[in-house]
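Engineer: give the three-dimensional model of this entry:
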Amino acid sequence: MSSPPIQWYPGHIAKAERQLKEQLKRVDVVLEVLDARIPLASQHPDVARWISHKPKVLVLNRVDAIPASLRREWTIWFESQGQMPYFTNAKQGKGIQAVAKAARGVKAEIDRRRRDRGMRPRSVRAVVIGMPNVGKSALINRLVGRKTVKSERRAGVTRQLHWVRISDSLDLLDAPGVIPWRLDNQTDALKLAICEDIGAAAYDNQIVAAAFIDLLVQVGFAEVLKSRYQLDPLSRTGEEYLYDLAHMSYRGDLERVAMLLLNDFRKGSMGAIPLEFPPQESN
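Structural biologist: Residues are numbered from 1 along each chain as shown. Here you go, the predicted structure:
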């Protein structure tokens, strides 16, 4: 089973990217939402260039899906890169107020500049951006305190830009998930597919599930597979594991087993399992 490039670029995302770049001229602060399971793979490579010198609040959502010790490690690493990460579980409403406070933190400087030009104070304009399905809409709903934008556990739900009033001091722009024109790093593409952070039309479930098994072994979670499915992955490739599990328990239905494995991970049934760790600094 050879792995063809995972590829995408739906028309609505191309349109949304153009609109987003135009709206970025009007915003004061950017909330970039990443998937805590894959903070590096879920970071859009063009965001830094798009936002230039605008303040940014870095949000790592789905913090419940990684061990607490790894949260500390990511904090240290991002701080070494000059960024302060804010960890959230938007689904349960955890960490939301710290994000709101960070976004409102730029208001004093905005008001000062406006006063200097003889203008009245106004609310902070923030934009929420990130890959599809990393939890942007759920984050906005928590910030607002009610369901104002559609939020589902699949990519591509938000299709157009949408302003939401959070308070008298903060307005948020909810934008569709933005992904690069193409992703040359297929390892990152596979991680996005495993985490369901790109649409299912971009990949083959069986190829992604086999890669997921190999990755779990690589990051030290082989025992999770062995205890959950009573099949040891250490003596098999991911492709072999998928085939053997299908024929052992599911009448050879490879697609069913592929979706079982991916959904068990995506729903958290396997426990808190990260697929990335902070890069090790070279000496």
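Engineer: in stretch 271-283, which residues are buried?
Structural biologist: Across stretch 271-283, burial judged by 16 or more other C-beta atoms under 10 Å covers 273, 274, 275, 276, 278. Where C-beta positions appear, they are placed from N, C-alpha and C, glycine not excepted.
Engineer: what's in contact with that stretch?
Structural biologist: 36-41, 64-67, 70, 73-74, 76-77, 80, 191, 194-195, 215-216, 219, 221, 224, 265 (C-beta atoms under 8 Å, 6 or more residues apart in numbering).
Engineer: list just the nearest of the buried residues of stretch 271-283 to residue 175.
Structural biologist: residue 276 (24.0 Å; C-beta to C-beta).
Engineer: what's the spacing between the closest one and residue 65?
Structural biologist: Between residue 276 and residue 65 the computed distance is 12 Å (C-beta to C-beta, to the nearest Å).
Engineer: name the residues contacting each of the two.
Structural biologist: Contacts common to residue 276 and residue 65, judged by C-beta under 8 Å, 6+ apart, are residue 37.
Engineer: check the residue of the chain most remote from its centre and give its pLDDT.
Structural biologist: Most distant from the centre of the chain: residue 118, at 40.5 Å, with distances by C-alpha atoms, centre = their mean. What the model reports as pLDDT for residue 118 is 93.
Engineer: just confirm it is within a helix.
Structural biologist: No - looking at residue 118 with DSSP: H, G, I helix; E, B strand; the rest coil, it is coil, so not inside a helix.
Engineer: got the buried residues for stretch 56-65?
Structural biologist: Those would be 56, 57, 58, 59, 60, 61, 62, 63, 65, for stretch 56-65 by 16+ other C-beta under 10 Å.
Engineer: which residues sit in contact with residue 67?
Structural biologist: Per C-beta under 8 Å, 6+ apart, neighbours of residue 67: 272, 274.
Engineer: hmm, 10 Å instead?
Structural biologist: 73, 271, 272, 273, 274 (C-beta atoms under 10 Å, 6 or more residues apart in numbering).
Engineer: show me which of those residues is closest to residue 96.
Structural biologist: Among the contacts of residue 67, residue 272 lies closest to residue 96 (C-beta to C-beta), at 20.0 Å.
Engineer: before we move on, what SS does residue 75 have?
Structural biologist: With three-state DSSP as the basis, residue 75 sits in helix.
Engineer: that one - how many residues pack around it?
Structural biologist: Around residue 75 sit 17 other residues, with neighbours defined as other C-beta atoms under 10 Å.
Engineer: wait, it touches residue 60, no?
Structural biologist: Yes - checked against C-beta atoms under 10 Å, the pair residue 75 and residue 60 is within contact range at 9.2 Å.
Engineer: identify the contacts common to the two.
Structural biologist: With C-beta under 10 Å, 6+ apart, residue 75 and residue 60 have common neighbours 85, 86, 87.
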